[in-house]
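Undergrad: Generate a structure from the sequence data that follows.
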Amino acid sequence: MAGYEEIFRSSVEDRAGFWLRAARALDWHVAPTTALDDSNPPFFRWFPDGELNVAHNALDRHVDAGHGDRTALVYDSPVTGSRRSYTYAQLRDEVATFAGVLRDLGVTRGDRVVIYMPMVPEAAISMLACARLGAVHSVVFGGFAAKELAVRIDDAGPKVVVSASCGIEGKRVIEYKPLLDKAIELSDRKPDATVILQREQATAELGPIDVDWAEAVAKTTPADPVPVRSTDPLYVLYTSGTTGKPKGVVRDSGGYATALAWSMPNIYDVGPGETIFTASDVGWVVGHSYIVYAPLLAGATTVLYEGKPVGTPDAGQFWRVVAENRVKSLFTAPTAFRAIKKEDPEGTFLAQHDVSSLRYLFLAGERLDPETYRWASDLLGIPVIDHWWQTETGWPIAANPAGVELLEIKPGSPTRPMPGWDVQVLDETGRPAEPGVDGAIVAKLPLPPGAFPTLWNDDERYVNSYMQAFDGYYLTGDGGHIDADGYIFVMGRTDDVINVAGHRLSTGGMEEVLASHADVAECAVIGVADTMKGQIPRGFVVLKSGVDAEAEGYESRLRSELVQLVRDQIGAVASLKDVAIVPALPKTRSGKILRKTMRGIADGADEAVPSTIDDASVLDTLRPILRRE
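TA: Next up is the predicted model:
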C-alpha cells in the first residue's frame, strides 16, 4: 500500500490521473473523462463532463449493493432523552419521500431551498432530499437571528424554506417559527412555501404558506434521483464576511463527493460499517461534510448528536455516545475538549464508559493548543489528530492521514498537506518564507476537488477576497509557518498577529504559553491599541473547575506566574503584563473564540454582537472588563 509521500507526490505530479482514479469510488451517470477545466482561472471546474447524483451515491448505491440493512444514521439527543437509528434502506426511503414533498411544492433541479433546522434527523433528510432533486440547499444554523436569516434568504432566493417548530439549546427551548416569520417579513425575496416539522417541546401555529411536515409526507410519493453535472452546485453555505454581508460559499457536486469519498478511509480511517461521531452541527461545514455526506458516501454509520459536550447533562456524554455506538473516530472542535477538561479535569466520567472502540480523536475548527493536545492524549491514550481546513475548502487542507500512514505527531501542527494541496508560506512581498518563519499561508491554484469554485452570485468578491493578494494563490487568511520537515503550523488568523514596538508577534504563541499553566482551562490573547508601542497584548484566562480562585492572594499570584511564563518562553518583547481571569470566553456556535470582536471592544469600537455568537451574555459580561470600566 502506498505511503503518504507517494500518494501526495502522485496528486501533484499526475493531478488529472490521481483525481480521475479517486472519482471511480463513486457511481456516475456519465463518467468523467476530463479531470479539470482550467480554461478560466481562477474559476476552475472539476470533472466538467461528468454527471451524477450525490444523494444516490450516499444512499441508493449502498442499498442496491445489498447493504440496505446496515445502520446509516444514529440520532442521539440527550436534551430530549430520545434516540433512534436508520438503516440505509430506511434513510433512503425517508429521503426519497421528502424529496417528493419538495417536488410537490415545485422544487426542481437548480432551485434553492433554505434549511433552518435543529440537530434532528430531518435536517440531514432535508439536505439529502434537495440533493436527490438536484436542488441547491443552504443550511442556516437553527435559532439564527431573524435579520441574519433574512439576509441569507434574500441572497439565496429559495423557493421553499424547511424549518421546525423549535430547537433546544442546553436547557432552553427556542421557538423557530416566530424567527422564521420575521425573517420572511424582512426579506425582499419571499419563498413560495415553508415546511414545518412540529416538535413536541413547542408546536407552531401554521400560516397560509406553511406546510406541516408529517401531513405532507403522508400524502406524497417518493422522488427518484435526478442526475446533475459534476460542476452544478450541491449547496451554498454562508460564512461571515468582513463587510457584514455574508459570503455564500458554493460547493460543487462531483468534486466535493470525490474529495469526501477519498478522505473517509484515508484521513479518518473509517470504512463501510464503521462508525464516526462528528460532534458538530449541520449549520457548519463540518456538519455538511462529516456528519452528513462523507460518512454516507463511505457506507459508514454517522452519529447525529443534539446536545453539548458538557451540561446536557454532564461532561461524560461524548464517552457515552462512543461506548453505545462503538465509535471508531471522534471528530469535534478543540473548544469542546477544553470545556470537558474544565468540567472534568481528571477524566472521571471517562472511567464510567467502555471506549475501547475509539481509535482516533480528530480536532479542528480552531487551533489545537499543545496543552489541550497533551491533556486529551494522556486521557485517551490514542492518537489525537489536529487537522486544518475551512468552510471554503470543504475538507482538510492539512491532516495526519490515519488510514494511509500515521505520521509523527508534532503538538501545535495539523501535520502535512493532503493530496492536491500545494501549501506555501509567503512573506509580505510574496516571496517564500524560510522554514520556521511566519507569514501568510496560501495554497497554489488550482485548488483540489471539494474546494469552493466561487461565491454565490459574486465572482468579483471571490477574486477580491481570496485570489488577488498573491497571484496564482488562494489566500487562506491564516498565518503561520512550515518547518524543515514540511509540517504546517497554523498560528491563527493573519489579523491575530500583533505589532508590539515593531516586533510582529503571534497571539497564538502567547496563548500556547498561558494554556500550559496547570490552572488554566482555556485562554485568549488579543492585541489592543497602545500609543507608545502600537499594540500591546492582553490575556484572558478561564480556570479549570475546582480551582479556588477566591483564596487569598490567588489572582495576583496567578497573574504574576502567567506574565513570567510568557516572559520566559517568548521574551520580554512580548510585553504581556495584563491578564484577566474571566468566567468564560465569547465564542461562535462552532467554537471559535471571537477575538476580533473582543479586540474591537477593547479599542473602544461599538462592536455589534455577531450573529454567529453562541451565548451573547458571555460577551455582555466581558464587555466592561475589555473596556476597563
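Undergrad: Gly450 reaches Ala261, doesn't it?
TA: No - look at Gly450 against Ala261 with CB atoms under 8 Å: they stay out of range, at 9.9 Å. C-betas here are computed from N, CA, C, even on glycine.
Undergrad: Next, work out how far apart the residue lying farthest from the centre of the chain and Ile625 are.
TA: Distance from the centre of the chain peaks at Glu552, with 41.9 Å (CA atoms, centre = their mean). Distance, Glu552 to Ile625, by CB to CB, to the nearest Å: 22 Å.
Undergrad: likewise Ala193?
TA: 47 Å.
Undergrad: more crowded one of these two?
TA: Ala193 (20 against 16; other CB atoms under 10 Å).
Undergrad: what sits against that one?
TA: Neighbouring residues of Ala193 by CB atoms under 8 Å, 6 or more residues apart in numbering: 105, 159-161, 209-211.
Undergrad: if you set the cut-off to 7 Å instead, what comes out?
TA: By CB atoms under 7 Å, 6 or more residues apart in numbering, the contact set of Ala193 is 105, 160, 209, 211.
Undergrad: and the end-to-end length of stretch 322-338?
TA: Terminal residues of stretch 322-338 lie 18 Å apart, using CA to CA, to the nearest Å.
Undergrad: all helices for the stretch 351-500 of the chain, in order.
TA: With DSSP state H, counting those that start in this stretch, the ranges of helices along the stretch 351-500 of the chain come out as 370-380, 459-462.
Undergrad: now swap in the stretch 51-200 of the chain and tell me
TA: Using DSSP H, counting those that start in this stretch, helices in the stretch 51-200 of the chain cover 54-55, 61-62, 88-104, 121-133, 146-156, 177-186.
Undergrad: Rebuild those helices as CSV, extending it with mean neighbour count.
TA: Shown next, in CSV, are the helices of the stretch 51-200 of the chain (neighbours: other CB atoms under 10 Å):
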stretch, mean neighbour count
helix 54-55, 28
helix 61-62, 22
helix 88-104, 22
helix 121-133, 27
helix 146-156, 21
helix 177-186, 18
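Undergrad: out of the ones you listed, which comes closest to Val618?
TA: Nearest to Val618 among the helices of the stretch 51-200 of the chain is helix 146-156; the distance by CB to CB comes to 18.6 Å.
Undergrad: list the helices and strands that closest one packs on?
TA: Applying 3 or more CB pairs under 7 Å, 6 or more residues apart in numbering; DSSP states H and E, one finds that helix 146-156 contacts strand 112-116, helix 177-186.
Undergrad: 10 Å - rerun?
TA: Applying 3 or more CB pairs under 10 Å, 6 or more residues apart in numbering; DSSP states H and E, one finds that helix 146-156 contacts strand 112-116, strand 136-139, strand 160-164, helix 177-186, strand 233-239, strand 247-252.
Undergrad: can you list the ones you listed in a markdown table and add distance to Glu200?
TA: Shown next, in a markdown table, are the helices and strands packed on helix 146-156 (distance: least, CB to CB, whole Å):
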| stretch | distance to Glu200 |
| --- | --- |
| strand 112-116 | 19 |
| strand 136-139 | 23 |
| strand 160-164 | 11 |
| helix 177-186 | 15 |
| strand 233-239 | 29 |
| strand 247-252 | 34 |
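Undergrad: out of those, nearest to Arg61?
TA: strand 233-239 (16.2 Å).
Undergrad: Tell me the buried residues in that closest one?
TA: Judged by neighbour count using 16 or more other CB atoms under 10 Å, the buried positions of strand 233-239 are 233-239.
Undergrad: so for it, what's the average pLDDT?
TA: Mean per-residue pLDDT for strand 233-239: 95.
Undergrad: How about stretch 488-498?
TA: For stretch 488-498, mean pLDDT is 75.
Undergrad: between the helices of the stretch 51-200 of the chain, which gets the lowest average pLDDT?
TA: Among the helices of the stretch 51-200 of the chain, helix 146-156 carries the lowest mean pLDDT, a mean of 91.
Undergrad: just the CA coordinates of it, formatted as PDB?
TA: Extracted in PDB, the C-alpha atoms of helix 146-156 (Å, rounded to 0.1, in the frame of the first residue of the first chain):
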ATOM      1  CA  ALA A 146     -34.300  36.800  12.100                       C
ATOM      2  CA  LYS A 147     -32.300  39.600  10.500                       C
ATOM      3  CA  GLU A 148     -29.400  37.300   9.600                       C
ATOM      4  CA  LEU A 149     -31.800  34.600   8.300                       C
ATOM      5  CA  ALA A 150     -33.400  37.300   6.100                       C
ATOM      6  CA  VAL A 151     -30.100  38.300   4.600                       C
ATOM      7  CA  ARG A 152     -29.500  34.700   3.600                       C
ATOM      8  CA  ILE A 153     -33.000  34.200   2.200                       C
ATOM      9  CA  ASP A 154     -32.500  37.300   0.100                       C
ATOM     10  CA  ASP A 155     -29.200  36.200  -1.200                       C
ATOM     11  CA  ALA A 156     -30.100  32.500  -1.900                       C
END
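Undergrad: Tell me what angle that helix forms with strand 160-164.
TA: 150 degrees (axes from the mean of the first three to the mean of the last three CA atoms, to 10 degrees).
Undergrad: so what's Val161 up against?
TA: 112-116, 138, 140, 149, 153, 180, 183-184, 187, 190-196, 209-210 (CB atoms under 10 Å, 6 or more residues apart in numbering).
Undergrad: returning to that earlier point: who has more neighbours out of Gly450 and Ala261?
TA: Legend: neighbour count by other CB under 10 Å for Gly450 and Ala261, higher for Gly450 (26 against 23).
Undergrad: State the number of residues packed around the closest residue to the more buried one other than its chain neighbours.
TA: Nearest residue to Gly450, sequence neighbours excluded (CB to CB, 6 or more residues apart in numbering): Ala259, at 3.0 Å. The tally of other residues near Ala259 (other CB under 10 Å) stands at 27.
Undergrad: give me the element Leu562 is part of.
TA: helix 554-569 (DSSP states H and E).
Undergrad: Give me the contacts around that helix.
TA: Residues contacting helix 554-569 (CB under 10 Å, 6+ apart): 509-514, 516-520, 523, 525, 537, 539, 541, 543, 547-549, 551, 572-581.
Undergrad: If we use 7 Å, what do you get?
TA: 510, 513-514, 516-517, 519, 539, 541, 548-549, 574, 576-577, 579, 581.
Undergrad: what's the answer for stretch 456-468, then?
TA: Here stretch 456-468 makes contact (CB under 7 Å, 6+ apart) with 42, 155-156, 236, 247-248, 250, 454-455, 474-475.
Undergrad: State the mean pLDDT of that stretch.
TA: The average pLDDT within stretch 456-468 is 95.
Undergrad: Quick one: name whatever helix or strand follows the helix holding Leu562.
TA: Using DSSP H and E, the helix or strand that follows helix 554-569 towards the C-terminus is strand 578-581.
Undergrad: Quick one: name whatever helix or strand follows the helix or strand hosting the residue nearest to Gly450.
TA: Take DSSP H and E as the rule and Ala259 turns out to sit in helix 254-266. Sequence order places strand 275-278 as the next helix or strand after helix 254-266, per DSSP H and E.
Undergrad: buried ones in that following strand?
TA: 275-278.
Undergrad: Let me have these in TSV, extended by pLDDT.
TA: Output for those, formatted as TSV (pLDDT from 0 to 100):
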residue	pLDDT
Thr275	98
Ile276	98
Phe277	98
Thr278	98
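Undergrad: Just name the closest of those residues to Val310, please.
TA: Looking across the buried residues of strand 275-278 and measuring by CB to CB, the closest to Val310 is Phe277, at 16.1 Å.
Undergrad: could I get the helix holding Ala259 in PDB with only the CA atoms?
TA: This file holds the C-alpha atoms of helix 254-266, laid out as PDB (Å, rounded to 0.1, in the frame of the first residue of the first chain):
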ATOM      1  CA  GLY A 254     -18.800  15.800  -8.300                       C
ATOM      2  CA  GLY A 255     -15.500  17.300  -7.000                       C
ATOM      3  CA  TYR A 256     -16.900  17.500  -3.400                       C
ATOM      4  CA  ALA A 257     -18.200  13.900  -3.500                       C
ATOM      5  CA  THR A 258     -14.900  12.700  -4.800                       C
ATOM      6  CA  ALA A 259     -12.800  14.500  -2.200                       C
ATOM      7  CA  LEU A 260     -15.000  13.300   0.600                       C
ATOM      8  CA  ALA A 261     -15.100   9.700  -0.600                       C
ATOM      9  CA  TRP A 262     -11.200   9.800  -0.600                       C
ATOM     10  CA  SER A 263     -11.000  11.400   2.800                       C
ATOM     11  CA  MET A 264     -13.100   9.000   4.800                       C
ATOM     12  CA  PRO A 265     -10.900   5.800   4.500                       C
ATOM     13  CA  ASN A 266      -7.600   7.700   4.000                       C
END
